[in-house]
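Asks: Please find the sequence and the predicted model below.
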Amino acid sequence: MMIHMRGVMNRTVGCLMILFLISFWGMAQGGEVIKIGTSMDLSGYYGEVGKKLLEGYNLAFKEINASGGIKGREIEHVVYDDGYNVGRAMENVSKLCLKDKVSLLFAVFGTPPNVSLMSRLSVLKVPHFFPISGGSFLYSEVNPYLFTFLPSYKKESQSLVDLAYKEGHKGLGVLYLPNAYGWDCKIAAKREAKRLGMGVVTYRLKSERDVSSLAKRLASQKIEALYLVIPYKFLLPLLKAMDAEGYHPALYAEFYCRLPQAMAELKERAKLFREAAWGRFIPMLGEDYPAIGWYRDALQRFAPDQSPDPTVFMGYIMGRTLGEVLKRAPSLDPKGIIKGAESVKDLDVGLSEKISYSPTDHVGLSRVFLYHLSP
């Protein structure tokens with residue numbers, strides 16, 4: 001009888017131990033995080049843009065975590081600065097994937113770093129969502145590990161050249177940085193200008209030392225309209241040098257040039273330029289889109305001391321959309337994340353387009369927003 005009771009007690013203790021372990025494992029799983037990793041420019045050519053985008057990502061992830069996270073797991077965002085240096089970016093990506101063990105890469109910044117990353121994704125076997133680049137290589141064919149969110153540079157360049165044509169310009173000068181980003185925009189702009197019958201001349205800007213001579217050259221050739229694909233670091237000195245030459249053409253600028261900031265710096269002198277137009281991947285905050293309301297609500301709740309900012313808004317809606325995509329994943333490992341993303345159909349991101357992905361289509365938004373700037 002004692003032996004029998006001892007056996008019952010042993011079985012009971014064993015069952016309780018199993019239940020305890022199951023419960024403990026469940027609590028541990030529920031307490032886990034989902035790690036996502038980003039390498040971005042926080043100190044280089046586009047450092048100011050990068051800092052603003054990061055503010056937006058952080059705001060979105062705070063909002064997601066406060067509402068229960070993704071399948072009960074909070075987002076942990078691991079970020080490294082690469083200074084817009086390809087070598088550092090690739091070191092960061094390797095660290096994120098191999099040491100930090102992120103489940104996905106998010107918004108790696110810049111066309112040159114993304115060119116290098118493309119060939120490594122299939123080796124790393126980690127998906128990359130929403131690269132900060134509009135390079136054509138991201139859109140030309142499906143990479144099973146890559147999903148875009150922003151429109152391409154091709155779409156942006158076509159839209160700005162079309163605008164210049166509609167506003168009566170028969171000639172266009174394209175100013176570009178000699179890297180993958182600059183070449184991509186230059187090629188798309190040249191093709192669109194030629195399609196429309198516009199004359200087109202390209203100008204390569206390598207360093208700040210070239211600014212003065214380029215301004216003199218442009219003024220002497222009397223180019224009537226310019227498509228600008230250069231960093232703010234070069235843009236403001238160039239506009240000042242053109243102003244000193246008495247040369248004030250129409251300006252059409254790619255998003256990362258930050259033309260609004262340059263025009264604000266010029267103050268009254270900005271009014272002398274014939275026209276100033278700017279392309280954006282995401283609408284300005286004065287428009288009536290649900291996403292803008294979501295952003296303002298999130299600011300009020302999680303960062304009430306911050307003023308609304310259009311670049312922070314762009315980061316916010318990218319981070320928020322990533323959260324919506326992850327909610328559809330059957331599991332939060334790379335394979336499950338990819339499977340969930342490819343099931344996304346007509347996802348409402350609060351803008352003028354909905355997003356759909358499939359095994360044969362990993363492209364997100366396509367519309368480019370154009371704005372005329374008031375001096």
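Replies: Great, that's in hand.
Asks: Show me where the stretch 51-200 of the chain has its helices.
Replies: Ranges of helices in the stretch 51-200 of the chain, per DSSP state H, counting those that start in this stretch, are 86-94, 111-118, 121-124, 153-166, 180-195.
Asks: Report pLDDT for the residue most central in space within the chain.
Replies: For the chain, Ile132 is the residue whose C-alpha lies nearest the centre (CA atoms, centre = their mean; 3.2 Å). Looking at Ile132, its pLDDT reads 97.
Asks: Export the helices of the stretch 51-200 of the chain to TSV and append columns for mean neighbour count, distance to Asp243 and mean pLDDT.
Replies: From N, CA and C alone the C-beta is placed, and that goes for glycine too. TSV is the format used below for those (neighbours: other CB atoms under 10 Å; distance: least, CB to CB, whole Å; pLDDT from 0 to 100):
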stretch	mean neighbour count	distance to Asp243	mean pLDDT
helix 86-94	18	34	97
helix 111-118	21	29	94
helix 121-124	14	45	93
helix 153-166	22	20	97
helix 180-195	21	23	95
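Asks: wait, which of those helices is closest to Gly44?
Replies: Comparing the helices of the stretch 51-200 of the chain by their distance to Gly44 (CB to CB), the top pick is helix 86-94, with 9.4 Å.
Asks: name the helices or strands packed onto that closest one?
Replies: strand 33-40, helix 111-118 (3 or more CB pairs under 8 Å, 6 or more residues apart in numbering; DSSP states H and E).
Asks: Compute the number of surrounding residues for Val229.
Replies: For Val229, the count of nearby residues is 30 (other CB atoms under 10 Å).
Asks: cool, the one 4 residues further on as well?
Replies: Using other CB under 10 Å, Lys233 has 16 other residues around it.
Asks: Give me the secondary structure label for it.
Replies: In three-state terms, and counting by DSSP: H, G, I helix; E, B strand; the rest coil, Lys233 is helix.
Asks: Please report how far it lies from Lys339.
Replies: Going from Lys233 to Lys339 by CB to CB, to the nearest Å gives 42 Å.
Asks: Can you add distance to Lys51 and give the helices of the stretch 51-200 of the chain back as CSV?
Replies: Formatted as CSV, the helices of the stretch 51-200 of the chain follow (distance: least, CB to CB, whole Å):
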stretch, distance to Lys51
helix 86-94, 16
helix 111-118, 17
helix 121-124, 26
helix 153-166, 22
helix 180-195, 19
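Asks: Can you check which of these gets nearest to Tyr247?
Replies: With CB to CB as the measure, helix 153-166 is the member of the helices of the stretch 51-200 of the chain nearest Tyr247 (16.9 Å).
Asks: So which elements touch that closest one?
Replies: Using 3+ CB pairs under 8 Å, 6+ apart, helix 153-166 sits against helix 180-195, strand 225-229, strand 250-253, strand 275-280, strand 369-372.
Asks: Rebuild those as a markdown table, extending it with distance to Gly173.
Replies: Converted to a markdown table, the helices and strands packed on helix 153-166 look like this (distance: least, CB to CB, whole Å):
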| stretch | distance to Gly173 |
| --- | --- |
| helix 180-195 | 10 |
| strand 225-229 | 5 |
| strand 250-253 | 10 |
| strand 275-280 | 14 |
| strand 369-372 | 19 |
